[in-house]
Each structure stands twice: as C-alpha cells, then as structure tokens.
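>>> Based on what follows, work out the 3D shape:
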Amino acid sequence: MKRIGQFLLTALLLALATTLARANNPDAVLGVWKNGEGTGMVQIYKRGDKYFGRVVWLKVPNNPDGTPRTDVNNPEEKLRTRPLKGLENLRNFVYKGENVWEEGQVYDPKTGNDYSCEMKLVDANTLEVRGYIGVSLFGRTDVWKRQVKKS
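Prediction:
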C-alpha cells in the first residue's frame, strides 16, 4: 500500500511539474494551427521577442479559374493582389505569462479588417484566439487546433 501512495505522489508531482513548465514556456505557441472553421492553417513563429503568424494552408487555395486566392477584401487597393497563402495575419504578440500572448493584431482576410488580438493556450493542442475592437469584451474567440508542433 505504501508503494502505491509513493507512486501516486510521484505521478502527481510529475504532472504538476509538466504543467508549470508549460505555463512558463513562451514558445509553447509555436507551430501550425488549424482555425476553427477548418478553412486555413497558420504557422506561428517568433521574430525577436514577438510572435507572428502566416497562412500556410488553405482548404480552397485557388479561385474557380485556377489562380491562387488573393487578399481581395483588403481596403488598400494595391494589396488586393497579394496571395492569401503566405500572408502574415498575426503580428506583434508579446508573451505575458500563464499561457497568454497579448498586444497583437489579427488580420481577417474575409473582411479586410485588422483587430486587436490576444491568444491563450488552453492545453498543448488548443489555442483560443480572440479578436476584438477596443476592449476584449467586444470581440470573438476562435478555437484553433494544433497540427504540427515546432521541433
């Protein structure tokens, strides 16, 4: 019986240590994530001490005529011809601790709008991405699922 108690205590301490290590890992967000609709994947990467993301996969990558989809809804006319694949749509996130990245922006190619944004890593494979205008209370959260972890 004593061995079972020691085993359970060891398992509990190991689980706690793993959780704490993940909670204090700014790079835990790195990797490829599929958006909630399943229509695109974004690779999150680090540049300096900030985090960014770019579109690396689209469910529908081409227009009906076979040409690559472009940023047709961008309010700047000169940017409407840039391809969606490769587009940097997450910018300038800062790790704040406890699996939270804030002070970023997200670009929505469906609307051509930029929003303030924060991200929260719920678990190793689930990321909540919240875009908002003004304060976080007025926004929308999309749940992304990890596809590939950065090695």
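>>> mind showing which ranges of this protein have poor pLDDT?
Residue ranges of the chain with pLDDT under 70: 1-23, 149-151.
>>> Please give me every residue in contact with the nearest residue to P83 once chain neighbours are set aside.
Once flanking residues are discounted, P83 sits nearest to P68: 4.9 Å by C-beta to C-beta, 6 or more residues apart in numbering. For glycine as for every other residue, the C-beta is placed from the backbone atoms N, C-alpha and C. With contact set as C-beta atoms under 8 Å, 6 or more residues apart in numbering, P68 has these partners: 61-62, 83-85.
>>> List buried residues within those residues.
Neighbour counting over the contacts of P68 (16 or more other C-beta atoms under 10 Å) leaves 84-85 as the buried ones.
>>> Adding secondary structure and distance to F138, write the contacts of P68 out as CSV.
Below are the contacts of P68 laid out as CSV (DSSP: H, G, I helix; E, B strand; the rest coil; distance: C-beta to C-beta, whole Å):
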residue, secondary structure, distance to F138
P61, coil, 32
N62, strand, 35
P83, strand, 31
L84, coil, 26
K85, coil, 30
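>>> Helices of this protein, start to end?
Taking DSSP state H as the test, the helices found in the chain are 2-23.
>>> Show me the strands in it, by range?
Along the chain, counting by DSSP state E, strands occupy 31-34, 40-47, 50-58, 88-97, 100-108, 113-123, 126-132, 139-149.
>>> Take these and lay them out in TSV including distance to N74.
Output for those, formatted as TSV (distance: least, C-beta to C-beta, whole Å):
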stretch	distance to N74
strand 31-34	23
strand 40-47	16
strand 50-58	14
strand 88-97	11
strand 100-108	9
strand 113-123	10
strand 126-132	16
strand 139-149	20
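>>> N24 is nearest to which of these?
In this view, these are compared for proximity to N24 by C-beta to C-beta, and strand 88-97 is the closest at 7.1 Å.
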